[in-house]
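Enquirer: Return a 3D structure for these sequence lines:
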Amino acid sequence: MSEMQLGEIIERLNRFATEDASWEPLAGALPEVRRRIAWIQEQYERIPSPLVVLMFGGTGTGKSTLLNALAGAPIAETGEMRPTTDTPTVYHPAGVLNDFGPAAYVEDARLDNLILIDTPDTDSVRTEHAEMVLSLLARADVVVFCGTQEKYANERSIALLRPIMNERKIVPVQTHADVNPDIRDDWRARMIEEGFDIERAFRVSALDALNAKIENHSVSGSAVEFEALDEYIKKKLPPERRSVKEQNLGGAVINTVNALSTALEGRRKSLETLNDRLAKIETDIAQKSLQQVQRKVLDEPHVWVVALAAAVSERAFGLIGSLFRILHGLRMLPSRITRTLSPAGLLRPTSLRGAAKVGDRFLRTLAASFSAEHAEANAHLGREGFEPTLFEQWEKDFVEEMDAHLARYLEPVHRQLTRSATVLTRWTLPLFELLWLAPFVFTIGFPIYRYYAGLVGHMDVILPEAGFLSRSMGMLACIVFIELFLYSFLVRWRGRALRRRCMRYLRKGFGTSGFGFGAARREIDKAIGKVTELEKMREAVRTQV
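Expert: Numbering: from 1, shown residues only. Predicted structure coming up:
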């Protein structure tokens, strides 16, 4: 995998980890993941820098002696007292910054892109030694695991390496070849069984190699493999440092993604189950809400009649229109006197906006009846690691979402109501106005015209019969009353017809999700999206790294 591909995967993993998560399983895993990503990014920036090789192992395994042999001089303190190494020895090329903390720094211009570090014992009785080893392991690219027949299976050393398995190149070196039999095959098999990737193991006598270099004669006997180790560390690894570091970072990315996958293992199914449970609760709430709305709105014909009558009253004109407006005002007078509003407000487009509206009060009353469903949903959310919602917040969300549902799916009814009111006032009402105006002209207007025409034309004046005016006014009143009754009946009939049209829109609206759990459902969908993203990332890492 190229350095560019590695950088893209690291950036993708960083974006995944930097987003906040309210889902407890993910939120609990993210701090450690962020710490690891910070280390990965730091190591990624150090790819061009010299290779860091760490001498690692238990007490008495010859770490310091091996460093001295590689340096060709006693630069690190050795001895029989345990532990011997109190501070690390950093053997580095010229010009390298001393950024490994408190240590003995030894510069050698012969080193090329290579830093060798001697560390305290992994099994030292002094706790600060283990802390030093851990801090240096975080900087190491290659770990030379020094061991003897007694210490090669040291659990304390293995335990320090397990968390960085496949994130460092491990090179086992048996250091006491002059006194111990060859243990490399068993050692290598044990490491591979633990899960470590071991390319090669060496067997040397670090002390014999050091003495041979000091006395300036060739290495032989039990130290003969030292030359191969010396060439491997000084000649083979430095030119391959970019490849070694990229491989280490690839292993770190794999371990990070696998750790996340382990933390979220099996969660997709539980999240989908939670989604299904919330959907079932929402379906129950939707059905009960529809029943309540149906009882308040659909099963109350007068609600539709009042809603349409109010819309007609706003547009009415003329005599019949004015009388109809007065009739509607008298009809609504009790509600205005008692300062109560009719449920017909639910059918008006603006009625659900604002806490003082009738629709809002109706929805809050409706929400209060679902406390048991809210408690059940909270129990499911809590078991899966989501933060339960307070009932007050849920009630507010329920009202807002129900308001949106009703506004969306009653909108066709609102338009139909407006169209019906427009037709009843713009087309039907003028016809009714003509129906009373024609009798008025022929019963009252025409006789009066004949009377005044006779006066002006000096013709015989024909006086209306006695009682003519009272009979004509009575007849006109009857006509107007009949027309007002017919017009009111038409408005009532049209209002009842609208009620039937509304049912399919409401059923469609109440069949969708929401109803107070919209925020929870979004968090669940976000968590499922994270799991899906992690699965894709794991597949990309598996194929590219």
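Enquirer: mind giving me the domain ranges of the chain?
Expert: 50-239, 267-435+495-531 (automatic domain parsing).
Enquirer: could you redo these as a markdown table and give each row mean neighbour count, distance to I254 and mean pLDDT?
Expert: Where you see a C-beta, it was placed from the backbone N, CA and C, and this is true even at glycine. Listed next are the domains of the chain as a markdown table, based on neighbours: other C-beta atoms under 10 Å; distance: least, C-beta to C-beta, whole Å; pLDDT from 0 to 100:
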| stretch | mean neighbour count | distance to I254 | mean pLDDT |
| --- | --- | --- | --- |
| domain 50-239 | 18 | 7 | 85 |
| domain 267-435+495-531 | 17 | 18 | 78 |
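Enquirer: Residues in contact with stretch 182-194: which ones?
Expert: Residues outside stretch 182-194 that contact it (C-beta atoms under 8 Å, 6 or more residues apart in numbering) are 147, 149, 152-153, 158, 162, 165, 170, 172, 174, 198, 201-203.
Enquirer: returning to that earlier point: any chance of the domains of the chain in TSV, plus distance to A21?
Expert: Shown next, in TSV, are these (distance: least, C-beta to C-beta, whole Å):
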stretch	distance to A21
domain 50-239	24
domain 267-435+495-531	7
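Enquirer: residue ranges for the strands of the protein, please.
Expert: Taking DSSP state E as the test, the strands found in the chain are 51-57, 89-92, 104-107, 114-118, 142-147, 169-174, 202-203.
Enquirer: Check which helices and strands the first one is in contact with.
Expert: Using 3 or more C-beta pairs under 8 Å, 6 or more residues apart in numbering; DSSP states H and E, the elements in contact with strand 51-57 are helix 63-71, strand 114-118, helix 127-137, strand 142-147, helix 155-161, helix 241-263.
Enquirer: Which residues are in contact with T89?
Expert: Applying C-beta under 8 Å, 6+ apart, the residues contacting T89 are S64, L67, I75, A76, E77, A103, A104, V106, I117, D118.
Enquirer: These: which two are farthest apart?
Expert: Within the contacts of T89, two members stand farthest from each other by C-beta to C-beta: E77 and I117, at 14.0 Å.
Enquirer: ok so, going back, any chance of the helices and strands packed on strand 51-57 in a markdown table, with distance to M402 too?
Expert: Listed next are the helices and strands packed on strand 51-57 as a markdown table, based on distance: least, C-beta to C-beta, whole Å:
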| stretch | distance to M402 |
| --- | --- |
| helix 63-71 | 71 |
| strand 114-118 | 67 |
| helix 127-137 | 57 |
| strand 142-147 | 62 |
| helix 155-161 | 58 |
| helix 241-263 | 37 |
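Enquirer: Compare those and report which one is nearest to V480.
Expert: helix 241-263 (80.7 Å).
Enquirer: Identify each buried residue in that closest one, please.
Expert: 241, 244-257, 260-261, 263 (16 or more other C-beta atoms under 10 Å).
Enquirer: How about the contacts made by the nearest residue to M55 once chain neighbours are set aside?
Expert: Once flanking residues are discounted, M55 sits nearest to K63: 4.0 Å by C-beta to C-beta, 6 or more residues apart in numbering. For K63, the contact set (C-beta under 8 Å, 6+ apart) comprises M55, F56, G57, T85, D118, T119, D121, C146, T175.
Enquirer: who does the second one bridge with?
Expert: Going by DSSP bridges, F56 is paired in beta bridges with F145.
Enquirer: ok so, going back, in CSV, list the contacts of K63 along with distance to S289.
Expert: Below are those laid out as CSV (distance: C-beta to C-beta, whole Å):
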residue, distance to S289
M55, 72
F56, 67
G57, 70
T85, 74
D118, 74
T119, 69
D121, 71
C146, 73
T175, 77
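Enquirer: Between those, which sits nearest M132?
Expert: T119 (6.6 Å).
Enquirer: List the contacts of the closest one.
Expert: Residues near T119 by C-beta under 8 Å, 6+ apart: L54, M55, F56, K63, T85, P88, M132, V133, L136.
Enquirer: One more: L54?
Expert: Here L54 is in contact with I117, T119, L136, L137, R139, A140, V142, V143, V144 (C-beta under 8 Å, 6+ apart).
Enquirer: Swap in 10 Å and give it another go.
Expert: 63, 88, 115-119, 133, 136-137, 139-145, 168 (C-beta atoms under 10 Å, 6 or more residues apart in numbering).
Enquirer: Spatially, what comes nearest to it if we skip its sequence neighbours?
Expert: Take L54 and drop its neighbours on the chain: the residue closest to it by C-beta to C-beta, 6+ apart is A140, 3.9 Å away.
Enquirer: can you tell me which residues contact that neighbour?
Expert: Neighbours of A140 in contact, by C-beta under 10 Å, 6+ apart: 51-56, 115, 117, 119, 133, 164, 167-169, 248.
Enquirer: Can you check the distance spanned by stretch 208-225, start to finish?
Expert: Separation of the first and last residues of stretch 208-225 by C-alpha to C-alpha, to the nearest Å is 11 Å.
Enquirer: Tell me if I'm right that T262 and A29 touch.
Expert: Yes. Assessed by C-beta atoms under 10 Å, T262 is found in contact with A29 at 8.8 Å.
Enquirer: can you pull the contacts of the spatially most central residue of the chain?
Expert: Nearest residue to the geometric centre of the chain (C-alpha atoms, centre = their mean): K526, 3.2 Å. For K526, the contacting residues are E19, A21, S22, W23, L26, by C-beta under 10 Å, 6+ apart.
Enquirer: if we can go back for a sec, what's the closest of the contacts of A140 to R471?
Expert: Closest approach between these and R471, by C-beta to C-beta: E167, at 110.3 Å.
Enquirer: how close does that closest one get to D141?
Expert: 10 Å (C-beta to C-beta, to the nearest Å).
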